[in-house]
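Student: Sequence below, structure please.
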Amino acid sequence: MSHPGDLRYSKEHEWVRVDGGTATIGITSFAADELGDIVFIELPEVGSSLTQFAGFGVVESVKAVSDLFSPISGEVTEVNAALAEQPELLNSDAYGEGWIARVSLADSAELDALMDADAYEALTS
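Tutor: Sure thing, here's the model as predicted:
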């Protein structure tokens, strides 16, 4: 399984893509595959504050319910409303259309606590 090299990864299987002061968060394709067919996601509220490695939502599949943990701290500026109607986007396009939330990055130094693609690949293989 290939993991994009421009992302950072948490051991809880979330990813983050940073573009300036905005961070986009999602779950990895590894997590989506392990969960199986995803049928529901609880999205965070726009304006809510996320804390690095703290829970911010839930994803449910036909096999399991799993908490979501934020890879970084910041304020939620946007959520992927399409996931409410199409949670299966997490399975089909985890690194693209299946993004979960966009956050104003509170502290870019937190990225140092995350893995690069090679380290994440080692964790999941």
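
Student: Help me confirm that residue 110 is found in a helix?
Tutor: Yes - secondary structure of residue 110, determined by DSSP: H, G, I helix; E, B strand; the rest coil: located in a helix.

Student: Give me the distance between it and residue 20.
Tutor: Between residue 110 and residue 20 the distance, using C-beta to C-beta, to the nearest Å, works out to 16 Å. For glycine as for every other residue, the C-beta is placed from the backbone atoms N, C-alpha and C.

Student: again, but for residue 86
Tutor: Per C-beta to C-beta, residue 86 is found 28 Å from residue 20.

Student: Between these two, tell me which one has more neighbours.
Tutor: Just comparing residue 86 and residue 20: by other C-beta atoms under 10 Å the higher neighbour count belongs to residue 86, 15 against 7.

Student: burial count for the closest residue to residue 97 other than its chain neighbours?
Tutor: Taking C-beta to C-beta, 6 or more residues apart in numbering, and ignoring the residues beside it in sequence, residue 97 has residue 89 as its nearest neighbour in space, at 5.0 Å. Residue 89: 21 surrounding residues under other C-beta under 10 Å.

Student: Does residue 89 touch residue 98 like I think?
Tutor: Yes - contact status for residue 89 versus residue 98: in contact at 4.2 Å, counting by C-beta atoms under 8 Å.

Student: and for these two, which residues touch both?
Tutor: 80, 83 (C-beta atoms under 8 Å, 6 or more residues apart in numbering).

Student: And the residue nearest the centre of the chain?
Tutor: The centre of the chain sits closest to residue 26, judged by C-alpha atoms, centre = their mean, with a distance of 2.2 Å.

Student: Would you mind giving both backbone torsions of that one?
Tutor: Residue 26 adopts backbone torsions of phi -150, psi -180, taken as degrees, to the nearest 10.

Student: before we move on, what about the one 10 residues further on?
Tutor: Per-residue torsions, residue 36: phi 90, psi -160 (degrees, to the nearest 10).
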